[in-house]
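In: Fold the stuff below for me.
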Amino acid sequence: MTTDAGQLSDPVAGDFSSDQKRYLEGFMSGLQVARVGRGLPANGAGMPAIHSEPTGPDAIHFKAQDAAVAAGGKLTDQETFKREDHPFDAYERLKAQARANEAPKPPDNFRWRFYGLFYVAPSQTSYMCRLRIPNGILTHWQMTGLADLAARYAGGHADVTTRANLQLREIEPKNAVAMIEAIQDLGLCSRGSGADNIRNVTGTPTAGIDPQELIDTRPFAREWHFHILNERALYGLPRKFNVGFDGGGIIPVLEDTNDIGFQAVEVKDGFGVEPGIRFRLALGGITGHKDFARDTGVIVKPEDATKVADAVVRIFIAHGNRTDRTKARLKYVLDAWGLEKYIAEVEKQLGRALTRVPAEALAPRPAFDRAAHIGVRRQKQDGLNWIGVVLKAARMTPEQMRGLSTIAREMGDGDLRLTVWQNLLISGVPDDKVAQAEAAIAALGLTTSAASVRAGLVACTGNAGCRFAASDTKRHAEAIAAWCESRVALDGPVNIHLTGCHHSCAQHYIGDIGLLACKVPLNDDGDTVEGYHIVVGGGFGPDAAIGRDLYRDVKAEDAPRTVEAMLKAYLANRSGDETFLAFSRRHDIDALKSMFAAEAE
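Out: Residues are numbered from 1 along each chain as shown. Okay, here's the model as predicted:
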């Protein structure tokens, strides 16, 4: 019942307690928003009106949903799913579905992604599980444990992702709960790694061992990781959210493709700010929508990074789009507001002003090496090295995972470091064990050669495991590598990115060569085959640019020969040791097409 003032009361026992009121108010408010989101009247038959504001950890989301509805919008299905039954309040139902070996219906398929579980039908009638690995670093015994889980509960392999993370696939519904609980037994987790949440936090893969790094990103990535895990209000955003920390190391982290990018910089003396190492704040990167993160001019003390990131996310929670999923990323709030307004709101949330400096106050950042994630490299520690391992289409078998774990334990420091380039590093290898480690890696069917086509190959899951993808990207990536490596002698990596759909999980727009899956028409009857649109000359960091359209509707079966011709024409026409990126940008598209066509003939 309600009183005249609209407050809940108990007609028998008197007023409810404050905790009971909060529970009922949130429950009833959720039902109302769900009804409005479906175009129904706000108050159903007998439903009392609730006039108090939502409370509790989900209140910031409820208020944003209420505001969207009050403005005349209709909530997306995903917003009503979250409002009706928060995923973290439904674990018993997930367990019941596992006991029954039951596939989830669409609302629960969305909800279970909060636990890192994606039911990927119709591509596969099974779950994919995505982990959280802060800064991409895990121990040898964790990798061994994951190898066992891949063999026991999944499809016998693990994939490295472009967020320096791992995915396990082909998990039957009956094994879903066992999988995520076993992952926690290993000291890892999958919580919040999917749906409308802050995804795995990336950091410099050589953090703490890189001779040129400005700062070790591991403690800051770890702090943000645990902040996310333990703050319920930071789950259930308008859409997914990415955060990356770059410590100035030699291997790029692609932080400028994240919603929040923290870039280590050195502040020089004489600009009214204490000199030293800071993070420069960049916002709004999303290359699938052809945009890089924007430099805000703000610098952040490293110890304040989590506080600033929290404030940025909370402003996005309050003002991100809850009615149109295609416009629900941070980029679109920045487009609508401009950077200045957004930063002003962040400062209000923080309760203090942020520090800004002109570009000339910052020393030049150390340069990347596009090949440093592959092969043997010296660490800052005397006599030690890291070894970058090339994986086949970013995939490892349990036997390879166990083998790499053994190498890390017996010949390295025990750590395995995943990178955003879909490979891994074994760190802490003494000089006198490098040759032995490389031989052991080769015995696993893997390589450490930076001249390999596979060294620069990046591919998303493709239609073998994702319903959005238009082609089998991993299979086609392997076909390109197998064809080209026996025919083209590269002397350094060329980044070739294959992505299955416009979401651009493999970030094709920033590749030297980017392939976007499509259906290639064969005739006027609507028959199609798998294929790709091809872009060229994409880049990141100081070379940031979106790749230019080169070819459309290339059949997948023709892609290996097409890439071969591009690589051979590059080697034949480059200037000195010019990179593919520099070569492709030096020529207009018509000139490139002419050279590639001549080579193909």
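In: from here on, contacts and neighbour counts on C-alpha atoms
Out: Fine.
In: in the chain, which segments are predicted with low confidence?
Out: Applying pLDDT under 70 to the chain flags the ranges 1-52.
In: Could you look up the SS state of the most centrally placed residue in it?
Out: Taking CA atoms, centre = their mean, the centroid of the chain lies closest to residue 163, which sits 4.3 Å from it. For residue 163, the assignment made with DSSP: H, G, I helix; E, B strand; the rest coil gives coil.
In: wait, what's in contact with it?
Out: The contact partners of residue 163, by CA atoms under 8 Å, 6 or more residues apart in numbering, come to 136, 200-202, 419-420.
In: quick one: it and residue 421, what's the gap?
Out: Using CA to CA, to the nearest Å, residue 163 is found at 8 Å from residue 421.
In: Give me the buried positions along the helix or strand hosting residue 95.
Out: Following DSSP states H and E, one finds residue 95 within helix 91-99. Neighbour-count burial for helix 91-99 flags 94-95, 97-98 (criterion: 16 or more other CA atoms under 10 Å).
In: And stretch 163-180, by the same measure?
Out: Buried residues in stretch 163-180, counted by 16+ other CA under 10 Å: 163-177, 179-180.
In: So which of those residues sit within strands?
Out: Cross-referencing the buried residues of stretch 163-180 against strands under DSSP state E gives 166-171.
In: between those residues, which is nearest residue 372?
Out: Distance to residue 372, by CA to CA, is smallest for residue 166 among these, at 20.8 Å.
In: Next one: that closest one from residue 240, what distance?
Out: Taken as CA to CA, the span from residue 166 to residue 240 is 17 Å.
In: For residue 94, give its distance to residue 149.
Out: With CA to CA as the criterion, residue 94 and residue 149 are 19 Å apart.
In: Could you check how far residue 487 is from residue 371?
Out: With the distance defined as CA to CA, residue 487 ends up 21 Å from residue 371.
In: These two: who's more crowded?
Out: Shown here are residue 487 and residue 371; by other CA atoms under 10 Å, residue 371 has more neighbours (20 against 12).
In: Surely that one forms part of a helix?
Out: No - going by three-state DSSP, the assignment for residue 371 is coil, not a helix.
In: so it touches residue 493, yeah?
Out: Yes - taking contacts as CA atoms under 8 Å, residue 371 lies within contact range of residue 493: 6.2 Å.
In: Common neighbours of those two, please.
Out: 450, 455.
In: and residue 554, what does it touch?
Out: So residue 554 contacts 520, 531-534 (CA under 8 Å, 6+ apart).
In: try 10 Å this time
Out: 515, 517-520, 529-534, 562 (CA atoms under 10 Å, 6 or more residues apart in numbering).
In: Equivalent analysis for residue 598, please.
Out: 565-566, 569, 592.
In: now swap in residue 453 and tell me
Out: By CA under 10 Å, 6+ apart, the contact set of residue 453 is 390, 477-478, 480-486, 488-496, 567.
In: Mark which of these are part of helices, please.
Out: Of those, the ones assigned to helices by DSSP state H are 477-478, 480-485, 567.
In: Generate a ChimeraX selection restricted to the buried subset of the residues you listed.
Out: Selecting only the buried entries of these in ChimeraX, with 16+ other CA under 10 Å as the criterion:
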select :477,478,480,481,483,484,567
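In: Make TSV from the ones in helices among the contacts of residue 453 and add distance to residue 396 to it.
Out: Listed next are the ones in helices among the contacts of residue 453 as TSV, based on distance: CA to CA, whole Å:
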residue	distance to residue 396
477	15
478	13
480	19
481	16
482	17
483	21
484	22
485	20
567	27
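In: Just flag the most distant two among the ones in helices among the contacts of residue 453.
Out: 478 and 567 (16.2 Å).
In: Could you export the contacts of residue 554 as a markdown table, including neighbour count, distance to residue 303 and secondary structure?
Out: Shown next, in a markdown table, are the contacts of residue 554 (neighbours: other CA atoms under 10 Å; distance: CA to CA, whole Å; DSSP: H, G, I helix; E, B strand; the rest coil):
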| residue | neighbour count | distance to residue 303 | secondary structure |
| --- | --- | --- | --- |
| 515 | 30 | 40 | strand |
| 517 | 28 | 42 | strand |
| 518 | 24 | 45 | strand |
| 519 | 18 | 48 | strand |
| 520 | 20 | 51 | strand |
| 529 | 17 | 52 | strand |
| 530 | 19 | 49 | strand |
| 531 | 27 | 47 | strand |
| 532 | 28 | 45 | strand |
| 533 | 21 | 44 | strand |
| 534 | 25 | 42 | strand |
| 562 | 21 | 49 | helix |
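In: buried stuff in the helix or strand where residue 220 lies?
Out: Element membership for residue 220 (DSSP H and E) is helix 218-229. Of the residues in helix 218-229, 218, 220-222, 224-225, 228 count as buried by neighbour count, 16+ other CA under 10 Å.
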